[in-house]
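1. quick one: sequence plus predicted model below, questions after.
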Amino acid sequence: MTAAPQLVVHRDKELMAQAAAARLITKIVDAQAARGHASVVLTGGRNGNGVLAALAASPAKDAIDWSRLDLWWGDERFLPDGDPERNYTQAKEALLDSVPLNPARVHPMPASDGAYEVDAAAEIYAAELTAAASPEDHGPVPTFDVLMLGVGPDTHVASLFPELPAVRETERSVVGVHGAPKPPPTRVTLTLPAIRAAREVWLLAAGEDKANAAAIALSGAGEVQAPAAGAYGRSRTLWLLDAAAASQLPPELYPPAVA
Ligand SMILES: O=C1O[C@H](COP(=O)(O)O)[C@@H](O)[C@H](O)[C@H]1O
């Protein structure tokens with residue numbers, strides 16, 4: 001078990017996205033200064049794309065050496081390449097098409113119109129992660145510098161939905177998901193053990209529809225019932241919220257303003 005999650009609550013979702021983008025720039029620049037390169041795992045969803053759009057709008061993004069940044073995905077909706085609902089497509093539009101990334105360091109999850117069905121696609125992504133891991137990583141995936149996860153209203157993170165088999169996976173780093181309650185039903189996702197390989201895990205929750213999920217996940221729920229509760233990093237777990245998403249947290253976690 002790692003240290004307790006840290007919470008940062010911002011005024012609204014726009015400010016949360018801008019502050020998370022600023023934080024991400026600093027992390028990437030620091031990792032590149034320390035190790036020569038950085039690795040980030042992207043999330044889909046409204047909050048994740050909000051952070052990418054804020055990053056694209058920030059003049060400080062030029063401090064990043066984009067050619068020495070590895071990008072991975074926490075999950076993908078298993079749809080044809082270019083489908084507007086794919087997390088990769090949305091990330092390209094929000095940020096990736098506007099920065100000078102090294103294409104060899106960008107690792108989207110496979111699309112459904114490739115040669116593989118979803119379980120084989122998950123195995124292929126797992127093999128790509130293993131190939132990128134080094135002996136110091138102590139496992140089958142790289143020690144990501146930052147792994148971001150949008151928190152769904154039902155407490156799902158990546159494509160780990162409450163009670164589905166993927167959230168119980170303890171061996172594999174990537175699995176196919178069948179029958180997800182949120183469309184599309186077929187997905188590819190990192191598992192909790194792969195998520196926990198990251199140095200820092202950032203959970204993004206902004207908006208009123210995330211308030212119940214944040215309260216449940218941060219109040220001692222089990223990870224099978226509330227997957228967000230099982231997402232933590234090796235050295236830090238950070239919940240980045242806006243005031244609406246923090247509105248149902250118990251007072252010992254987020255004290256309401258004193259009148
Ligand atoms: O489907 C997904 O949903 C979650 C959360 O999305 P949001 O729009 O409710 O913020 C996201 O984290 C995940 O990557 C995505 O595939």
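-> Thanks, I have the structure now. What you see is a predicted model, and the numbers here were worked out from it, not measured in a lab. Numbers count the residues shown, from 1 in each chain.
2. can you pull the residues of this structure lying near the ligand?
-> Proximity of the chain to the ligand is assessed by C-beta under 6 Å from any ligand atom, with 43-48, 74-75, 77, 87, 149-150, 152, 158-159, 182 identified as the residues in range. (C-beta placed from N, C-alpha, C; glycine too.)
3. now rank these by neighbours and give me the top one.
-> Neighbour counts for the residues of the chain next to the ligand (other C-beta atoms under 10 Å) peak at A158, which has 33 neighbours.
4. now it: how far from L149?
-> Counting by C-beta to C-beta, to the nearest Å, the gap between A158 and L149 amounts to 6 Å.
5. same question, G207
-> For G207, the distance to L149 equals 15 Å [C-beta to C-beta].
6. then G45?
-> Separation of G45 from L149 (C-beta to C-beta) stands at 9 Å.
7. kindly report the same for V174.
-> Distance from V174 to L149, counting by C-beta to C-beta: 15 Å.
8. P100 should be in a strand, yeah?
-> No: applying DSSP: H, G, I helix; E, B strand; the rest coil, one finds P100 to be coil, outside a strand.
9. who's in contact with the residue nearest to it when sequence neighbours are not counted?
-> Of all residues beyond its chain neighbours, the one nearest P100 is W66 (4.8 Å), with distances taken as C-beta to C-beta, 6 or more residues apart in numbering. Counting by C-beta atoms under 8 Å, 6 or more residues apart in numbering, W66 makes contact with 99-102.
10. before we move on, back to that, find residues that contact each of A158 and L149.
-> Jointly contacting A158 and L149 under the rule C-beta under 8 Å, 6+ apart are 43, 74, 195.
11. state which one residue of the stretch 151-259 of the chain is found closest to the ligand.
-> Taking C-beta to the nearest ligand atom as the measure, the point where the stretch 151-259 of the chain comes nearest the ligand is G152, at 4.2 Å.
12. that residue reaches N212, doesn't it?
-> No: the criterion here is C-beta atoms under 8 Å, and G152 misses it with N212 at 10.9 Å.
13. now the element after the longest helix anywhere in the chain, going C-ward?
-> With DSSP state H setting the assignment, residue counts place helix 13-35 as the longest helix in the chain. In the C-terminal direction, the helix or strand that comes right after helix 13-35 (DSSP states H and E) is strand 38-42.
14. what residues are bridge-paired with the closest residue to P5 other than its chain neighbours?
-> Spatial nearest neighbour of P5, chain neighbours left out: T237 (4.2 Å); criterion: C-beta to C-beta, 6+ apart. When bridges are assigned using DSSP bridges, the partners listed for T237 are V201.
15. pLDDT value on the residue of the chain found nearest the ligand, please?
-> Of the residues in the chain, the one nearest the ligand is G45, at a distance of 2.3 Å by C-beta to the nearest ligand atom. The model reports G45 with a pLDDT of 96.
16. that one is in contact with M148, isn't it?
-> No: counting by C-beta under 8 Å, M148 is not a contact partner of G45; they are 9.8 Å apart.
17. spit out the residues that contact the two alike.
-> Overlap between the contact sets of G45 and M148, as judged by C-beta under 8 Å, 6+ apart, is given by L204.
18. count of residues packed around S247?
-> 17.
19. ok, back up a step: gap between the residue of the chain closest to the ligand and A120?
-> The value you get for G45 to A120, if C-beta to C-beta is used, is 25 Å.
20. ditto for A20
-> Counting by C-beta to C-beta, the separation of A20 from A120 is 34 Å.
21. the more surrounded of those two?
-> Legend: neighbour count by other C-beta under 10 Å for A20 and A120, higher for A20 (26 against 13).
22. return the residues in contact with that one.
-> When the contact criterion is C-beta under 8 Å, 6+ apart, the partners of A20 are 51, 54, 148, 202, 204, 240.
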